[in-house]
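K.L.:
Here's my sequence, what's the structure:
(chains A and B)
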Number of protein chains: 2
Amino acid sequence: MTQTTSGRPARGGRRRDESRDGVILDAALDVLVETGFDGMTVDAVAARARAGKATMYRRWPSKVDLVLDAVARMESGDVDLDHLPDTGSLRGDITGLMRAETLEDGGRRLRVLASLAAMTAREPRLGAAADEVGFGTWERANRVLIERALDRGEFPREHVDVDVLSRLVPQLCAARACVQQQPITREFLLSVLDGVLLPALRGSGPTG
Amino acid sequence: MTQTTSGRPARGGRRRDESRDGVILDAALDVLVETGFDGMTVDAVAARARAGKATMYRRWPSKVDLVLDAVARMESGDVDLDHLPDTGSLRGDITGLMRAETLEDGGRRLRVLASLAAMTAREPRLGAAADEVGFGTWERANRVLIERALDRGEFPREHVDVDVLSRLVPQLCAARACVQQQPITREFLLSVLDGVLLPALRGSGPTG
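P.N.:
I've put the predicted structure just below:
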């Protein structure tokens, strides 16, 4: 179970006991991952977080509201876009993102994503949240690193489809974790990096 | 709703009214996609297929058995590995697979996959079925076409990671359909083909 010490203000919230919010939202993610969205109840989250049910329902009128807040809280958790690795090569930069903690956080994030993904067809607000959890930050980080590599001439820019390539690694991780139920390992990430992303960047350009 | 006229023998089955089996298994897939695995009941499938409940339960003792049979039936439905396109170029071969019917079948297949994916953590037998539905036939078709392209020298074979590249398109389709809930369009497939797969094949090889 992940413990956080953050007391970030809740979305649109007045000041309140923010560390309690953190405990409750972490509990919500844990319950979501354990039981799936269908099986999750606000009562179970209250019990896990030792929070009063009345408080819970006043703050989060529905399970969807609670999940959306919990997801918003984890969104920017594991990749700091302002301090991305800058090693001089795209391979170095991307492997620099693959710290053990990032993989672990990413694993939890993908379990959350899997729990949401099943529900997105029935509850569109969860679809946007799932998209952000699974792809948002990671796609933006990949885009920054790829653009930098193109700027310094590491790969020819012409014909490179930056949109598609920025989503590549997050999408392959999502398919592996959510559909195939396999863990995201360093070995898997390296196979994608060396087998797909870097070759695709080298091999873009006119087909001749 | 997909109608089939196939009277293929059910897995391991004695002879019986096979066209009825087809109707029942198609109904099972429709109910699965509409309600999700959690919401699905054998009774609902019996009602949809106008089949007797006693017959249903004798034949498929549990919902999991019914779903596994239904999935086995659709497995080889949409790509004929013995008659893959052979146009002389990988791009031609793969776009040859993108017939409208294939995209539509593939869309249904991916909706089934999404319904199964949510359950694979709790029911491991569904995991193997999901893997086969989502990746099996498509991965094998991609592998055959990529190997052929390498054999005829369309791309340098050295350093090409055929395992990773054979799974690439199916995995990206699964992420798009199951996690992002976006349809698989010809435009999406072409962006993956021209933006990732073909460049990656051209750009594999020593990094220099």
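K.L.:
And the residue of chain A found nearest chain B, how close does it get to residue A:79?
P.N.:
Nearest residue of chain A to chain B, counting by CB to the nearest CB: residue A:203, 2.4 Å away. All C-beta spots, glycine's among them, are computed from the backbone N, C-alpha and C. The spacing between residue A:203 and residue A:79, counted by CB to CB, to the nearest Å, is 27 Å.
K.L.:
still on that earlier bit, for the residue of chain A closest to chain B, give me its contacts.
P.N.:
Residue A:203 makes contacts with B:198-204, as judged by CB atoms under 8 Å, 6 or more residues apart in numbering or on different chains.
K.L.:
which one in these is the model shakiest on?
P.N.:
Lowest in pLDDT among the contacts of residue A:203 is residue B:204, which has 82.
K.L.:
contacting residues around that one?
P.N.:
Remark: with contacts taken as CB under 8 Å, 6+ apart, residue B:204 is in contact with A:195, A:199, A:203, B:155-156, B:158-161.
K.L.:
Counting by contacts, list what the helix ranked longest in chain A packs against.
P.N.:
With residue count as the measure and DSSP state H as the assignment, chain A has helix A:18-39 as its longest helix. Judged by 3 or more CB pairs under 8 Å, 6 or more residues apart in numbering or on different chains; DSSP states H and E, helix A:18-39 is in contact with helix A:42-49, helix A:63-75, helix A:100-117, helix B:18-39.
K.L.:
Name the next helix or strand following the helix or strand harbouring residue A:166 along the chain.
P.N.:
Element membership of residue A:166, judged by DSSP states H and E, is helix A:162-174. For helix A:162-174, the succeeding helix or strand toward the C-terminus, using DSSP H and E, is helix A:186-192.
K.L.:
Run the chain-centre distance for the helix or strand just after that next one.
P.N.:
Going down the chain from helix A:186-192, the next helix or strand is helix A:198-203, by DSSP H and E. Helix A:198-203 has its average C-alpha position 25 Å from the chain's average C-alpha position, going by CA atoms, centre = their mean, to the nearest Å.
K.L.:
do stretch A:38-55 as well
P.N.:
Between the centre of stretch A:38-55 and the centre of its chain there are 24 Å (CA atoms, centre = their mean).
K.L.:
Next, the distance between the ends of stretch A:79-98.
P.N.:
The separation between the terminal residues of stretch A:79-98, taken as CA to CA, to the nearest Å, is 10 Å.
K.L.:
For it, list every residue counted as buried.
P.N.:
A:79, A:84, A:90-91, A:93-95, A:97-98 (16 or more other CB atoms under 10 Å in any protein chain shown).
K.L.:
just to revisit the earlier point, for the helices and strands packed on helix A:18-39, which has the smallest mean pLDDT value?
P.N.:
Looking over these, mean pLDDT reaches its minimum on helix A:100-117, with a mean of 69.
K.L.:
Report all helices and strands that the next helix or strand after that helix contacts.
P.N.:
Taking DSSP H and E as the definition, the helix or strand that follows helix A:100-117 towards the C-terminus is helix A:124-131. For helix A:124-131, the elements it packs on are helix A:63-75, helix A:100-117, judged by 3+ CB pairs under 8 Å, 6+ apart.
K.L.:
Report the buried residues of helix A:124-131.
P.N.:
In terms of neighbour count (16+ other CB under 10 Å), helix A:124-131 has its buried residues at A:126-127, A:129-131.
K.L.:
cool, stretch A:151-159 as well?
P.N.:
The neighbour-count check on stretch A:151-159 (16+ other CB under 10 Å) flags A:154-155 as buried.
K.L.:
what about that stretch, how long is it end to end?
P.N.:
End-to-end distance for stretch A:151-159, by CA to CA: 14 Å.
K.L.:
Work out the gap between stretch A:130-138 and the centre of the chain.
P.N.:
Distance, stretch centre to chain centre, for stretch A:130-138: 5 Å (CA atoms, centre = their mean).
K.L.:
Check the average confidence over it, would you?
P.N.:
Across stretch A:130-138, pLDDT averages out at 72.
K.L.:
With only the CA atoms kept, save stretch A:172-188 in CSV.
P.N.:
Once non-C-alpha atoms are left out, stretch A:172-188 reads as follows in CSV (Å, rounded to 0.1, in the frame of the first residue of the first chain):
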residue,chain,number,x,y,z
LEU,A,172,2.2,-0.6,-25.0
CYS,A,173,2.5,-0.5,-21.2
ALA,A,174,-1.3,-0.2,-20.9
ALA,A,175,-1.9,-3.1,-23.2
ARG,A,176,0.6,-5.2,-21.2
ALA,A,177,-0.7,-4.3,-17.8
CYS,A,178,-4.4,-3.9,-18.4
VAL,A,179,-5.1,-6.5,-21.0
GLN,A,180,-2.4,-9.0,-20.7
GLN,A,181,-2.1,-8.6,-16.9
GLN,A,182,1.7,-8.7,-17.1
PRO,A,183,3.9,-6.5,-14.9
ILE,A,184,5.8,-3.6,-16.4
THR,A,185,9.5,-4.5,-15.9
ARG,A,186,12.6,-2.8,-16.9
GLU,A,187,13.3,-5.6,-19.3
PHE,A,188,9.9,-5.0,-21.0
